[in-house]
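> With the input below, show me the fold.
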Amino acid sequence: MASSSRKLPQPLKGVRVLSLSLNLPGPAALMRCRQMGASCVKLEPPAPPGAAAGASGDPMGLYNRSAYQQLHAGVRVAVADLKTEPGQKTLHRELAKADVLLTSFRPSALKKLGLEWKLLQQRYPTLSQVAIVGAPGGRAEEPGHDLTYLAENDLVAGLELPATLYADMGGSLMASEAVLQAQLLQCKKGKGSFFEVALAQAAGYLALPRTWGLTRAGAAVGGGHAGYRVYPCQDGRVAVAALEPHFAKALCAAAGIQYANILTMLSPTTHQLIAGYLLGMTRQALDRLAIEKDIPLYTLAG
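Numbering: from 1, shown residues only. A predicted model of the protein is given here:
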């Protein structure tokens, strides 16, 4: 494992990224670009009327200031109302210096702001654009959010909200990947490229293991394998990931079960015996077991 103190590679060093994106996916993508060495600038609209002095025009800065600050660490943020002539002058001054433009508007909004790809390409031939949208292609004007894109891809269970914003964060990774792709193509061809990143497609990509049946109920990583489940323990829960044979064998040995092969882990009897064993263990004892017997598990509060 690489040392945490080792300096990470900076593949985007010298690359200038201009972002107009608000909320989460775009700023998260910009954060990744900054971490890869890019020089990052963001133009935000003015803060809404009645906002405190110094307030952000990005909604994230209003409802979660700490998240906003982390997302924009090392980013030069300026205010520009793109619907006004002064704002447009600021925008084009920054575009003239940028290598990549990052947006998260609907296509109709980009058109109103004069940011259609054909126009940008004519005015700034070496500039690339990464356009984050909700849904791809002809659906890009549809309203939607992280939750609807997850629901569309069968990633919402019951009435519970997902644990995090998977489509937004997956889309941000795809967008930062697109920035890298744009720079590779620019180096090869000497001109900019256009990339559309759809959050619905990001959710679809994250859903592939489920689409393939890997995580469906009863599948190996869908609860069918006794070594890959979440079990109750004496004072909480334990997430067990003893999937490979050597891990499964170690878990079975600890629980007093004779391990033969993968079929052992698919047996209802094995499920019952491991469940009973873990229920009698405390979190502290299980943490110690994980270290002593080299078993991948993680204990959780109840």
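> dump the residue contacts of the nearest residue to residue 255 once chain neighbours are set aside.
Excluding its sequence neighbours, the residue lying closest to residue 255 (C-beta to C-beta, 6 or more residues apart in numbering) is residue 277, at 3.9 Å. All C-beta atoms are positioned from the backbone trio N, CA, C, and that covers glycine. Residues counted as contacts of residue 277 (C-beta atoms under 8 Å, 6 or more residues apart in numbering) are 254, 255, 256.
> Out of those, list just those in strands.
In strands, judged by DSSP state E, none of the contacts of residue 277 are found.
> Quickly note the distance from the residue nearest to residue 255 to residue 285.
Between residue 277 and residue 285 the distance, using C-beta to C-beta, to the nearest Å, works out to 11 Å.
> Let me have the contacts of residue 277 in a markdown table, extended by distance to residue 208 and neighbour count.
Below are the contacts of residue 277 laid out as a markdown table (distance: C-beta to C-beta, whole Å; neighbours: other C-beta atoms under 10 Å):
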| residue | distance to residue 208 | neighbour count |
| --- | --- | --- |
| 254 | 33 | 18 |
| 255 | 33 | 17 |
| 256 | 38 | 9 |
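> Narrow those to those in helices?
Secondary structure from DSSP state H places 254, 255 of those in helices.
> Which single one of the contacts of residue 277 is nearest to residue 153?
Minimum distance to residue 153 across those is 36.2 Å, recorded for residue 255 (C-beta to C-beta).
> any idea how far residue 123 is from residue 96?
9 Å.
> Please look at residue 283 and residue 299 and confirm they touch.
Yes: at 3.9 Å, residue 283 counts as touching residue 299 under the criterion of C-beta atoms under 8 Å.
> so what's in contact with those two at the same time?
Shared contacts of residue 283 and residue 299 (C-beta under 8 Å, 6+ apart): 233, 236, 238.
> which of the residues you listed are buried?
The neighbour-count test (16 or more other C-beta atoms under 10 Å) marks 233, 238 as buried among the shared contacts of residue 283 and residue 299.
> Out of the shared contacts of residue 283 and residue 299, flag the one nearest to residue 70.
Nearest to residue 70 among the shared contacts of residue 283 and residue 299 is residue 236, at 29.3 Å by C-beta to C-beta.
> hang on, isn't the closest one packed against residue 283?
Yes: counting by C-beta under 8 Å, residue 236 touches residue 283, with 5.0 Å between them.
> Check the offset of the helix or strand of the chain with the lowest mean pLDDT from the chain's centre.
Lowest by mean pLDDT, DSSP states H and E among the helices and strands of the chain is helix 59-63, with a mean of 91. Its chain's C-alpha centre and that of helix 59-63 lie 19 Å apart, by C-alpha atoms, centre = their mean, to the nearest Å.
> neighbouring contacts of the top helix by length along the chain?
If you go by DSSP H, the chain has its longest helix at helix 166-189. Contacting residues not belonging to helix 166-189 are listed as 11-12, 15, 17, 23-26, 28-29, 31-33, 36, 38, 99-100, 102, 126, 128, 130, 132, 146, 149-150, 155, 192-193, 195, 197-203, 205-206 [C-beta under 8 Å, 6+ apart].
> 7 Å - rerun?
For helix 166-189, the external contacting residues (C-beta atoms under 7 Å, 6 or more residues apart in numbering) are 11-12, 15, 17, 24-25, 28-29, 32-33, 99-100, 102, 126, 128, 130, 132, 146, 149-150, 155, 192-193, 195, 197, 199, 202-203, 205-206.
> Quick check: helices, which of these are part of them?
Taking DSSP H as the definition of helices, these contribute 25, 28-29, 32-33, 146, 149-150, 199, 202-203, 205-206.
> Derive a ChimeraX selection command for the buried subset of the residues you listed.
This is how ChimeraX selects the buried members of these, with burial counted by 16+ other C-beta under 10 Å:
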select :25,28,29,32,33,146,149,150,199,202,203,206
